[in-house]
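A.B. asks: Dropping a prediction and its sequence here:
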Amino acid sequence: MRLTASVASACEGLRDGPKGTVTQIVDGDTLMLDNGLVVRLIGIQAPHLGLGRPGLDDWPKAAASKQALSDLTLNKPVLLRYGGEQKDRYGRLLAQVFLRDTAGTWVQQQMLLEGMARVYSFPDNRACLPDLFAAETRARTGGLGIWSDPYYRVRRADRPADFSSLSGHYELVEGRVLKADKTGGRVYLNFGRYYKEDFTAVLDAKAQRLFAGDKIDPLKLGGALVRVRGWIDLHDGPRIEITHPEQIEVLATP
């Protein structure tokens, strides 16, 4: 049975954009319209397809995600709505997509409910995220779609050795912040005693301004149980660069 995500439950404050009919599915988060527009479904990340690009392999369940988006949208009329930056450097429109059906189905939320994507946000595109997180959580706790594959499991911050092969991977990481500190203009959320070995989340000055704008003090996260999402690098131990507040979900406070 398909769970339906409708415009009635969607976030407020979006700006209406173009309409069109979906004519082609590129992958699980990119589609094309009959008016020539290419649309990147903002707010989610589907498993990547290599698409013949050198050195890029398909992620697990990438074909299933593409098929899910096709089943949901192909040959159907849609409305694009904007909540932030409207176009990326490739010329793709960055939009929340809604079917022009009687339910006003919200495509991003539906893909998350079916476990065919993860929430993926940007500093200049932060609209609708509470609703999208809720849909992702529902699928993840139910083990639906990608969440049935160990490739997408939530990593443990207290197991830094598990990250040795994950450089360049987008990951969700859970753990308790041992110490929050500011050094050289950057905030470091340390999840272990040895910063050159243990997992760390790092906030630069630009990210700190966004946190301040939302009245969030990252230095008060010491002792908190959190879930962090982002791209892994292995500079001085495994770490994720935090660019905006929604990359950190506080699960429990000290």
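C.D. replies: Received, thanks. As the structure is a prediction and not an experimental result, all values here were calculated from the model.

A.B. asks: Flag the shaky bits of the stretch 51-200 of the chain, pLDDT-wise.
C.D. replies: Counting by pLDDT under 70, the stretch 51-200 of the chain has low-confidence residues at 51-53, 55.

A.B. asks: Who does Val119 form a beta bridge with?
C.D. replies: Beta bridges link Val119 to Ile44, judged by DSSP bridges.

A.B. asks: Enumerate every residue touching it.
C.D. replies: Shown in contact with Val119 (Cβ atoms under 8 Å, 6 or more residues apart in numbering): Gly43, Ile44, Gln45, Leu112, Leu129, Leu132, Phe133, Glu136, Arg229. C-beta: built from backbone N, CA, C; applies to glycine.

A.B. asks: before we move on, what about Phe211?
C.D. replies: Phe211 sits in contact with Leu203, Asp217, Pro218, Pro245, where contact means Cβ under 8 Å, 6+ apart.

A.B. asks: Let's see that with 7 Å instead.
C.D. replies: Each residue near Phe211 by Cβ atoms under 7 Å, 6 or more residues apart in numbering is listed here: Leu203, Pro218, Pro245.

A.B. asks: To what extent is the residue lying closest to the second one once chain neighbours are set aside buried, counted in neighbours?
C.D. replies: Translated: Pro218. Distances taken as Cβ to Cβ, 6 or more residues apart in numbering place Val187 nearest to Pro218, at 5.0 Å, with adjacent residues excluded. Number of residues near Val187 (other Cβ atoms under 10 Å) recorded here: 21.

A.B. asks: Pipe the contacts of Val119 into JSON lines and attach neighbour count and distance to Trp147 per row.
C.D. replies: Below are the contacts of Val119 laid out as JSON lines (neighbours: other Cβ atoms under 10 Å; distance: Cβ to Cβ, whole Å):
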{"residue": "Gly43", "neighbour count": "30", "distance to Trp147": "18"}
{"residue": "Ile44", "neighbour count": "25", "distance to Trp147": "14"}
{"residue": "Gln45", "neighbour count": "17", "distance to Trp147": "14"}
{"residue": "Leu112", "neighbour count": "29", "distance to Trp147": "11"}
{"residue": "Leu129", "neighbour count": "18", "distance to Trp147": "19"}
{"residue": "Leu132", "neighbour count": "29", "distance to Trp147": "15"}
{"residue": "Phe133", "neighbour count": "17", "distance to Trp147": "14"}
{"residue": "Glu136", "neighbour count": "24", "distance to Trp147": "9"}
{"residue": "Arg229", "neighbour count": "23", "distance to Trp147": "14"}
